[in-house]
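A.B. asks: Sequence and predicted structure are below.
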Amino acid sequence: MLIDSKLTEPSLGIVRYLKSRDWNVDEAEKMLRNTIEFRRRTNVIDIDCRWCHERPGFHTMRQVGFDESGRPVIYSNFRQAETHRYSAEDSITHVSYIIENAKLTMKPGISTWVFVVDCSVNDSVLCFEMNFKNYIR
């Protein structure tokens, strides 16, 4: 089993998957296997967003700080996205980059983040649901 040891204790990762599937072991296992495959396929731990380096502030999603509990706060305004021209692949790369970097800022004991999203119509929510639900509360 592949659990990202750089981020947290493996047993805590498994608990997140179980919680996100209401303690249904089969569903949690399926989700974990899908996440492992996604992380292998995309090499998400080493993903880098070229737009963040070439044009800081270009994206409509960014980590803006921390809440009172110390959780990273990620803010996104998808209405602003209409003014930019980047591909769906660029967007997924950026979201993965933001999430992976937010996880790196989390202190011990913090296992979730706050996601403030203004998205009337967008497929990103589906991506989060499928690949990052173990972190969504």
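C.D. replies: Ah, there it is.
A.B. asks: Quick check: nearest residue in space to residue 16, chain neighbours excluded?
C.D. replies: Distances taken as CB to CB, 6 or more residues apart in numbering put residue 134 closest to residue 16, at 4.1 Å, once the chain neighbours are dropped. To be clear about C-beta, it is placed using only N, CA and C from the backbone, and glycine gets the same treatment.
A.B. asks: ugh, typo on my part, it should be residue 101
C.D. replies: residue 63 (6.9 Å).
A.B. asks: pLDDT averaged over the helix or strand the one you found falls within - what is it?
C.D. replies: Assigned by DSSP states H and E, residue 63 belongs to strand 61-66. Mean pLDDT, strand 61-66: 92.
A.B. asks: Show the average pLDDT along the next helix or strand after that strand.
C.D. replies: Once the chain leaves strand 61-66, the next helix or strand it forms, by DSSP H and E, is strand 72-77. Over the span of strand 72-77, the pLDDT mean works out to 89.
A.B. asks: by contact count, what packs against the strand holding residue 63?
C.D. replies: Using 3 or more CB pairs under 8 Å, 6 or more residues apart in numbering; DSSP states H and E as the contact test, the elements touching strand 61-66 are strand 72-77, helix 88-104.
A.B. asks: Can you mark which positions in it are buried?
C.D. replies: Buried residues in strand 61-66, counted by 16 or more other CB atoms under 10 Å: 61-62, 66.
A.B. asks: now, which of these sits nearest residue 14?
C.D. replies: residue 66 (25.6 Å; CB to CB).
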